[in-house]
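A.B. asks: sequence unavailable; structure follows:
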């Protein structure tokens, strides 16, 4: 019976959108329990109606625009701060929040704490690929500067995550680079390459930007600067293509009719690319499964994220990362 | 009457595909002249049939798989080597090749030479954006490690290029980063930011991956490592979406009929994203307009690339870069 603490207040959406996602998750997973961190007026009526929901009434909210570290320090009663404390105290086994990335990072890293030996937690996504392949990709933005020994930990955490989430025993690890040849790379990337080649992982060499949505690697690691650029490049390409098609559709009746017939396929592709089927990015390296949803999340993404956090608890994600790091 | 030297042998495609592109370009631009570098059996028959085509008969070819610097040094009669020499000797004003990136880079940089003061040439693309906006993006992969003063030159060259190619007088320059806030960035990105803020350019601050296909900046600069990752992430997202739609189309008659009606719109979007309307990436910083086409080029991309090179000659691209660098 995993208990997931859900930050009801953090997203750009209304608390009602988040709660609707929680309701869907409770329905889909009959063993799930939730602890709802948020304003009394939202969480209490919901908990009265749902057996497996408890409340953590909070009075403050951290807005997307606030300086994350300062806000986490100053707003002791913010939903994300209290949520992290509840996980630390053992009142919940995992955390889902669609709040500001910086606030979730800070609150989770300092409130819940890191797994012993982990130097830096990393934001981790699962990308869809050709032929149904899935690729674990980290760091998508938690750490702009990453030393080689920290990147090796990302590979170890990515390996444990691919094992726990995708059931891959010995995942192939790639290093994101500007070419697949061994000699390619910036000086920093070459130092990453050398460190990964010596680590106790199944290192498959350099990956390219094309491999993130490809099928050559199970896990691709990079620093949070490069990872964030790649993630946002992918997101914006999806948006650009959908917007170009929309323009074409608006300018032609024939195209509009075609789009109507293709609507389901277009929607499915967009959803797959948006990561909504997983519900967000895992913050790997903290002592409980933590999922950070999109700020502009949807109820179905909140549902997916809450379920993903619960499944990570069941799959012993934290224990697997812990053993992987000790090697 | 600009003369463009076209490397007929360099691409993954057959010389016939390249020559068909040249034929299209000669038809579209009645003042264009071409110098065709390649094997006698291909270039001589073509030149006999076309008034404005001359030949540069060569006997060697650099394959995509060869080590670029070694191949350029050893194969004195390779088409790309002889083509660069012809431009250096004034027999042509610009160069188009769809050969191996490394071979084109090496042959052009050392064969033609750099513009006085330019430390490192950079590969430069024009990306489509929302609402018809165009964004100049460099470096897409020529230099993995870039010092701040070199990045400032990329901004100056990008400015001159936006001016010559897109007619933008005072383009807004952005620095690719992992967030739009001034405080975001790796240590390297922060040093780039500081250098750009002091340069005599219209620096608009940090750009994100989402801005490459957006409309906030006219020019976005980055090192060739990050730029290459972003470029390939964008390319692969386009391929992934098209492939996902194809799967959906194959699995449903309704979707297949919809796709038929949307075919023109899908094709136009894919073409816009592939950069085929420009014909490839400009190598800015060498003493003549040099365009590097995709290895898997098409005749229409060769046509566009040859015309783009000719138009860059007419727009005095090299002189504009030279003045921009001197500031």
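C.D. replies: It's in. Owing to the predicted nature of the structure, the values given are computational and were not obtained by experimental measurement.

A.B. asks: what's the closest non-adjacent residue to residue A:80?
C.D. replies: The spatially closest residue to residue A:80, leaving aside those adjacent along the chain, is residue A:107, at 4.6 Å (Cβ to Cβ, 6 or more residues apart in numbering or on different chains). Every residue, glycine included, has its C-beta placed from N, CA and C.

A.B. asks: pLDDT-wise, which helix or strand of chain A ranks last?
C.D. replies: Taking mean pLDDT, DSSP states H and E as the measure, helix A:253-274 is the helix or strand of chain A with the lowest mean score, a mean of 78.

A.B. asks: do it and chain B meet at all?
C.D. replies: Yes: with Cβ under 8 Å from any Cβ of the partner chain as the threshold, helix A:253-274 lies in contact with chain B, specifically through A:254-255, A:257-266, A:268-269, A:272-273.

A.B. asks: which positions within stretch A:40-57 qualify as buried?
C.D. replies: Residues A:42-43, A:46-47, A:50, A:52-57 are the ones in stretch A:40-57 that count as buried (16 or more other Cβ atoms under 10 Å in any protein chain shown).

A.B. asks: just the closest of those residues to residue B:208, please.
C.D. replies: Using Cβ to Cβ, residue A:42 is the member of the buried residues of stretch A:40-57 that sits closest to residue B:208, with 32.0 Å.

A.B. asks: OK, contacts around that closest one?
C.D. replies: Neighbour list for residue A:42: A:8-9, A:15-16, A:19, A:36 [criterion: Cβ atoms under 8 Å, 6 or more residues apart in numbering or on different chains].

A.B. asks: what are the boundaries of the strands in chain A?
C.D. replies: When secondary structure is read from DSSP state E, chain A shows strands at A:3-7, A:33-38, A:53-57, A:94-97, A:122-128, A:134-138, A:172-176, A:202-207, A:219-221, A:281-284, A:290-292.

A.B. asks: mind putting those in a markdown table, distance to chain B and mean pLDDT included?
C.D. replies: As requested, these are arranged in a markdown table below (distance: least, Cβ to the nearest Cβ, whole Å; pLDDT from 0 to 100):
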| stretch | distance to chain B | mean pLDDT |
| --- | --- | --- |
| strand A:3-7 | 22 | 98 |
| strand A:33-38 | 26 | 98 |
| strand A:53-57 | 30 | 98 |
| strand A:94-97 | 19 | 97 |
| strand A:122-128 | 7 | 95 |
| strand A:134-138 | 10 | 96 |
| strand A:172-176 | 6 | 98 |
| strand A:202-207 | 10 | 98 |
| strand A:219-221 | 11 | 98 |
| strand A:281-284 | 14 | 96 |
| strand A:290-292 | 15 | 96 |
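
A.B. asks: in JSON lines, list those along with distance to residue A:304.
C.D. replies: Compiled in JSON lines, the strands of chain A are given as follows (distance: least, Cβ to Cβ, whole Å):
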{"stretch": "strand A:3-7", "distance to residue A:304": "12"}
{"stretch": "strand A:33-38", "distance to residue A:304": "14"}
{"stretch": "strand A:53-57", "distance to residue A:304": "18"}
{"stretch": "strand A:94-97", "distance to residue A:304": "10"}
{"stretch": "strand A:122-128", "distance to residue A:304": "11"}
{"stretch": "strand A:134-138", "distance to residue A:304": "14"}
{"stretch": "strand A:172-176", "distance to residue A:304": "26"}
{"stretch": "strand A:202-207", "distance to residue A:304": "26"}
{"stretch": "strand A:219-221", "distance to residue A:304": "21"}
{"stretch": "strand A:281-284", "distance to residue A:304": "12"}
{"stretch": "strand A:290-292", "distance to residue A:304": "9"}
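
A.B. asks: wait, which of these is closest to residue B:86?
C.D. replies: Closest to residue B:86 of the strands of chain A is strand A:202-207 (Cβ to Cβ; 35.4 Å).

A.B. asks: tell me the contacts of the residue nearest in space to the middle of chain A?
C.D. replies: The geometric centre of chain A, computed from its C-alpha atoms, lies nearest to residue A:281 (Cα atoms, centre = their mean), at 0.6 Å. Applying Cβ under 8 Å, 6+ apart, one finds that residue A:281 lies in contact with A:123-125, A:140, A:275, A:291-292.

A.B. asks: what about the residue nearest to it when sequence neighbours are not counted, how many residues close to it?
C.D. replies: When the adjacent residues along the chain are set aside, residue A:281 lies closest to residue A:123, with 4.5 Å between them (Cβ to Cβ, 6+ apart). If you count neighbours by other Cβ atoms under 10 Å in any protein chain shown, residue A:123 ends up with 26.

A.B. asks: contact partners for residue A:123?
C.D. replies: Contact analysis of residue A:123 by Cβ under 8 Å, 6+ apart lists A:101, A:105, A:138-142, A:224, A:227, A:281-284, A:292.

A.B. asks: residue A:15 now?
C.D. replies: Contact criterion Cβ under 8 Å, 6+ apart gives A:8-9, A:38-39, A:42 as the residues in contact with residue A:15.

A.B. asks: go again with 7 Å.
C.D. replies: Taking Cβ atoms under 7 Å, 6 or more residues apart in numbering or on different chains, we find residue A:15 in contact with A:8-9, A:38, A:42.

A.B. asks: next: residue A:232.
C.D. replies: So residue A:232 contacts B:208-210 (Cβ under 7 Å, 6+ apart).

A.B. asks: which one among the residues you listed gets closest to chain A?
C.D. replies: For chain A, the closest of those turns out to be residue B:209, at 2.8 Å, with distances computed as Cβ to the nearest Cβ.

A.B. asks: name the nearest residue to that closest one, sequence neighbours excluded.
C.D. replies: Of all residues not flanking residue B:209 in the chain, residue A:232 sits nearest, at 2.8 Å (Cβ to Cβ, 6+ apart).

A.B. asks: measure the one you found to residue B:243 for me?
C.D. replies: Distance, residue A:232 to residue B:243, using Cβ to Cβ, to the nearest Å: 21 Å.

A.B. asks: repeat that for residue A:204.
C.D. replies: Residue A:204 is 22 Å from residue B:243, by Cβ to Cβ.

A.B. asks: then residue A:145?
C.D. replies: As judged by Cβ to Cβ, residue A:145 and residue B:243 stand 35 Å apart.

A.B. asks: just the ones of the contacts of residue A:232 in helices?
C.D. replies: Among those, DSSP state H puts none in helices.

A.B. asks: of those, select the buried ones using a PyMOL command.
C.D. replies: Here is the PyMOL command that picks out the buried ones among these, judged by 16+ other Cβ under 10 Å:
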select buried, chain B and resi 208+209+210
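
A.B. asks: want to throw the contacts of residue A:232 into CSV with distance to residue A:192?
C.D. replies: Rendered in CSV, the data for the contacts of residue A:232 read as follows (distance: Cβ to Cβ, whole Å):
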residue, distance to residue A:192
B:208, 23
B:209, 20
B:210, 25
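
A.B. asks: might you report the residue contacts of the closest residue to residue A:6 other than its chain neighbours?
C.D. replies: Here the nearest residue to residue A:6 in space, its sequence neighbours aside, is residue A:96; by Cβ to Cβ, 6+ apart that works out to 5.0 Å. Residues touching residue A:96, when contacts are defined by Cβ under 7 Å, 6+ apart, comprise A:4, A:6-7, A:291, A:293, A:305-306, A:309.

A.B. asks: doesn't residue A:120 make contact with residue A:154?
C.D. replies: No: no contact is recorded between residue A:154 and residue A:120 when judged using Cβ atoms under 7 Å, the distance being 8.1 Å.

A.B. asks: show me which of those two is the more surrounded one.
C.D. replies: For residue A:154 against residue A:120, the residue with the higher neighbour count under other Cβ under 10 Å is residue A:154, and the figures read 32 against 20.

A.B. asks: from residue A:45, how far off is the residue nearest to the more buried one when sequence neighbours are not counted?
C.D. replies: When the adjacent residues along the chain are set aside, residue A:154 lies closest to residue A:221, with 4.6 Å between them (Cβ to Cβ, 6+ apart). Noted for residue A:221: a distance of 44 Å to residue A:45, by Cβ to Cβ.

A.B. asks: what's the neighbour count on residue A:18?
C.D. replies: Residue A:18 has 32 neighbouring residues, counting by other Cβ under 10 Å.
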